[in-house]
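[1] Requesting a structural model of the entry that follows:
(chains A and B)
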Amino acid sequence: MKPVAFAYERPQTVEEAVALLAEHGDEAKVLAGGQSLVPAMNMRLVRPSVLVDINGIRGLDEVASEDGALRVGATARQADPRLRQHPLLARALPYVGHFVTRNRGTVCGSVAHADASAELPACLVLLGGWARVRSARGERRILAEDLFLTHFTTSLAPDELIVETGWPLPSPGTGYGFQELAQRHGDYALCMACASARDGELRVVLGSVVDRPRAIEVDPERPGESAAVQVEPWGNVHASPAYLRHLVRVLVDRAVAEAREAASR
Amino acid sequence: MMAVEVTVNGRRYREVVEPRLLLSDFLRHRLGLTGTHVGCEHGVCGACTVLVDGVAVRSCLLFAVQADGLAITTVEGLAQNGRLTPLQEAFRAHHALQCGFCTPGILMAAFDLLSRGRPTREEIADMLSGHLCRCTGYEPIVAAIAEVAGS
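    Take a look at the predicted model:
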C-alpha cells in the first residue's frame, strides 16, 4: 500500500497556498493532519497529482475565543487543549479517532473531509458554526448548514482552503449532549446524536446514519421516537437498518437527556 | 526527488527521497531502523507510532518530506547505553508483550501519554484503543503503564 507519485508543495503563506490551489484545481489536495487523506492515498482511493502541505504556514494553528465563538485555525490539532474551552468540543473530541491520531489530525481537516460519521461536522452543524475559506479570488464564510452536501462532499470549490472554523460558544443556561455507538472506541460510529438544550429550545443533529450531518426537528416529549421515524438508515455489514433506527431512538433520547441535565446545572 | 534532513534518536541524517515515501518506510528501509513496525498502513493498528518533536504520531500517515528539520524518536532511541527505560522494564515485569509486533508503537504512545502527567487506568485504556495487540488481552499492558504512572 503506497501512494501514487505526486508533487509536494510546502507553501509558507496562505497566499502561496491558495495560488497553488488556483493553479492546480481539483488535481491538488490540501494536506493538514493527513489522518484521513493519507490512508486514502495509501489505498490509492485518492490520487492527487499535487499535495499542498499547509503545515508550514505560520499562525494557522491559532485557537481563540472571539465575538462569542471559538475560532480554530486550519492546522490546530484535535489534541490541542485550548479546544476544551468549548464544552461541546470537550465532550465530543475524545470520540474522534485515537490519542495518537488526535495529535496530528486537525479540526478543520475533519470538517473539510466531511465524513458523515465524523463527530466534528455534526457538532459544527449543531452549533450553527461556520468555515472561513480563502481562495485566490477572495474570502467567504460558509455556514455549516450550507457546507456539508453529502458523503465526503462539501460546497468548497477546488481552489478554496478552509483557514478557520468558528464554533459559537454557549449562552448561559445552554447544555450539550453527545452520544455515539461504535464497535470499538475510536472507530467510525454506527450512529451518533448530539443535542443542545436551553429553556424550551431543543436542537438535535444526527450523524453516521445520514449522508451528511443533519439537524432534525424533534418532539420535546418523545425526542428519540420522533427522530427515528425521520431517517432511513441504509444499514451495513455490521448493523441492519432496523437496528440503526433503534440506535437513533436510544441515542437521541440519551443526548437530549444529557443536554437538559447539563442545562439545568 | 527532495532533500530531507532529520534527526533520528539524536543522530542527523541527510537523504534524498521521493515525496510519496512514507516516514515508516524511510525509517525502516533508508535508515535501517526496523524497530518501528508496519502493520496496516492506514493508521488503525498503531504499530508504526513514533515521536516527532516529542509527540506520538503514526509514521505511516506522514511523508518523510514532512519530517524535514524535525526530531524523531523511535523505539531504538528509548534505552540508553543498553539500559532499558522504566517503562520497558515494567513491560518486561508485567509480561506486557508476547510476539512484540505491537510493542514499539505502544511504547512510543505510552511515552507521550506519560510525559503529560499521570494518566489514570481509564486514560491508559483509552490510549490503547488506538493500538491492536492480539497476544496479551491488553490487561498486562495497562498494568505496566499504570505502574510507571503510579496510578
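[2] quick one, strands of the chain?
    Assuming you mean chain A. A:7-9, A:28-31, A:50-53, A:63-66, A:69-73, A:130-135, A:138-143, A:148-150, A:153-154, A:161-168, A:175-182, A:189-198, A:201-207, A:214-216 (DSSP state E).
[3] let's do chain B instead
    Under DSSP E, chain B gives strands at B:2-8, B:11-17, B:49-52, B:55-58, B:71-73.
[4] before we move on, back to that, what's the closest of the strands of chain A to chain B?
    strand A:7-9 (3.6 Å; C-beta to the nearest C-beta). Glycine gets a C-beta too; all of them are placed from N, C-alpha and C.
[5] quick check, distance from that closest one to the centre of its chain.
    Taking C-alpha atoms, centre = their mean, to the nearest Å, the mean C-alpha location of strand A:7-9 is offset from the chain mean by 26 Å.
[6] what's the answer for stretch A:227-242, then?
    So, by C-alpha atoms, centre = their mean, the centroid of stretch A:227-242 is 21 Å from its chain's centroid.
[7] just stretch A:77-94 next, same as before
    With C-alpha atoms, centre = their mean, you get 12 Å for stretch A:77-94.
[8] Which residue would be the closest one in the stretch 51-200 of chain A to chain B?
    For the stretch 51-200 of chain A, C-beta to the nearest C-beta, closest residue to chain B: A:H98, 2.7 Å.
[9] Could you tell me the per-residue confidence at that residue?
    On pLDDT, A:H98 comes in at 97.
[10] which residue packs closest to it, ignoring adjacent ones?
    In this structure, A:H98 finds its nearest non-sequential neighbour in B:G130, 2.7 Å apart by C-beta to C-beta, 6 or more residues apart in numbering or on different chains.
[11] B:C40 is in contact with the one you found, correct?
    No. Applying C-beta atoms under 8 Å as the test, B:G130 and B:C40 come out as separate, 11.6 Å apart.
[12] Throw the strands of chain B into JSON lines and include mean pLDDT, mean neighbour count and distance to chain A, thanks.
    Formatted as JSON lines, the strands of chain B follow (pLDDT from 0 to 100; neighbours: other C-beta atoms under 10 Å in any protein chain shown; distance: least, C-beta to the nearest C-beta, whole Å):
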{"stretch": "strand B:2-8", "mean pLDDT": "98", "mean neighbour count": "17", "distance to chain A": "7"}
{"stretch": "strand B:11-17", "mean pLDDT": "98", "mean neighbour count": "12", "distance to chain A": "10"}
{"stretch": "strand B:49-52", "mean pLDDT": "98", "mean neighbour count": "27", "distance to chain A": "5"}
{"stretch": "strand B:55-58", "mean pLDDT": "98", "mean neighbour count": "26", "distance to chain A": "5"}
{"stretch": "strand B:71-73", "mean pLDDT": "98", "mean neighbour count": "21", "distance to chain A": "14"}
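[13] circling back to that earlier point, single out the most deeply packed of the strands of chain A.
    Greatest average neighbour count among these goes to strand A:189-198 (a mean of 26), per mean count of other C-beta atoms under 10 Å in any protein chain shown.
[14] Neighbouring strands - and their directions - for that one?
    Sheet pairing of strand A:189-198 (DSSP bridges) gives strand A:175-182 (antiparallel), strand A:201-207 (antiparallel).
[15] Smallest gap between chain B and chain A, at which residue?
    For chain B, C-beta to the nearest C-beta, closest residue to chain A: B:G130, 2.7 Å.
[16] now that residue: how far from A:A122?
    21 Å (C-beta to C-beta, to the nearest Å).
[17] Between those two, which has more neighbouring residues?
    A direct count of neighbours by other C-beta atoms under 10 Å in any protein chain shown for B:G130 and A:A122 places A:A122 higher, at 30 against 25.
[18] My guess is the more buried one contacts A:M192. True?
    Yes. In this structure A:A122 lies within contact range of A:M192 using C-beta under 8 Å: 6.0 Å.
[19] Number of residues surrounding the closest residue to B:A110 other than its chain neighbours?
    Computed as C-beta to C-beta, 6+ apart, the closest residue to B:A110 that is not its neighbour in sequence is B:I145, at 4.9 Å. Here the number of neighbours of B:I145 (other C-beta under 10 Å) works out to 29.
[20] give the contact list for B:G130.
    A:97-101, A:186, B:46, B:109 (C-beta atoms under 8 Å, 6 or more residues apart in numbering or on different chains).
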